[in-house]
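In: 3D, please:
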Amino acid sequence: MIYWSIFLAFFIPGILGYGGGPASIPLVEKEVVDHYGWMTTQEFGEVLALGNALPGPIATKMAGYIGYMEGGILGSIVALVASVAPSLILMVLLMVTLLKYKDSPKVQNITKLVRPVIAVLLGAMTLQFFMTSIHTSGTVQTVILVVVSYWLLEMRKVHPAFVIVMALGYGAVSGIL
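Out: Residues are numbered from 1 along each chain as shown. Presented below is the predicted three-dimensional model:
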């Protein structure tokens, strides 16, 4: 029965917490503190502070920790599944709907409008990364990484994961020297 309670404690805020993890935190607190009494408000605040100090999504970190505290490893898994299940279900339903209407002119027009927006956003992000790299690593190091990465990706057809690992290695070695 505890696993069902853990599931509901994180599934319901996942459905109702529109806006992601930060929006669902008060709903999780209501379930964990008020409804089930697994923690006090102070303990929940400490878990929230710890979760904010760590990298990654806050909702899944809190779900994993609270689920583990209440139900062990299986409780942690149940809480994690419950916290991501609403988004996963909605994404699957959206994909089914899009695939059903993929030949519709309206859906094709939406796709045509979204692609340039995504391209511009990715281009702006790349430019921001490039400028940050120049500022932190220097122009020479940045140009070397860009040119060599381009050559490996486009001319030699090396898998991007290997290029990333090589760039990390280059950064580590150049940082030591």
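In: point to the residue nearest the middle of this structure.
Out: Centrality entry for the chain: nearest residue to the mean C-alpha point is residue 57, 6.1 Å, by Cα atoms, centre = their mean.
In: phi first, then psi, for that one.
Out: Listed backbone geometry of residue 57 is phi -70, psi 130, with angles given as degrees, to the nearest 10.
In: how close does it get to residue 168?
Out: Distance from residue 57 to residue 168, counting by Cβ to Cβ, to the nearest Å: 23 Å. C-betas here are computed from N, CA, C, even on glycine.
In: how about residue 69?
Out: In terms of Cβ to Cβ, residue 69 sits 35 Å off from residue 168.
In: neighbour count: those two, which is higher?
Out: residue 69 (17 against 10; other Cβ atoms under 10 Å).
In: how many residues are close by residue 115?
Out: Neighbourhood size, residue 115 [other Cβ under 10 Å]: 10.
In: name the helices or strands packed onto the lengthiest helix in the chain?
Out: Counting by DSSP state H, the longest helix found in the chain is helix 58-100. Applying 3 or more Cβ pairs under 8 Å, 6 or more residues apart in numbering; DSSP states H and E, one finds that helix 58-100 contacts helix 2-16, helix 21-29, helix 41-53.
In: elements contacting the helix or strand bottoming out on mean pLDDT in the chain?
Out: For the chain, scoring each helix and strand by mean pLDDT, DSSP states H and E identifies helix 21-29 as the least confident one, at a mean of 83. Using 3+ Cβ pairs under 8 Å, 6+ apart, the elements in contact with helix 21-29 are helix 2-16, helix 41-53, helix 58-100.
In: between the following helix or strand past the longest one and helix 58-100, how big is the angle?
Out: Toward the C-terminal end, the helix or strand that comes next after helix 58-100 (DSSP states H and E) is helix 105-137. Angle of helix 105-137 versus helix 58-100, following axes from the mean of the first three to the mean of the last three Cα atoms, to 10 degrees, is 140 degrees.
In: buried ones in helix 105-137?
Out: Applying a neighbour-count criterion of 16 or more other Cβ atoms under 10 Å, the buried positions in helix 105-137 are residue 133.
In: so for it, mean pLDDT?
Out: Taken as a whole, helix 105-137 carries a mean pLDDT of 86.
In: tabulate the helices and strands packed on helix 58-100 in TSV, adding columns for mean neighbour count and distance to residue 145.
Out: What follows is the helices and strands packed on helix 58-100, written out as TSV (neighbours: other Cβ atoms under 10 Å; distance: least, Cβ to Cβ, whole Å):
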stretch	mean neighbour count	distance to residue 145
helix 2-16	19	40
helix 21-29	18	33
helix 41-53	13	31
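In: which one of the ones you listed lies closest to residue 155?
Out: Distances from residue 155 to each of the helices and strands packed on helix 58-100 were compared by Cβ to Cβ, and the smallest falls on helix 21-29, at 41.7 Å.
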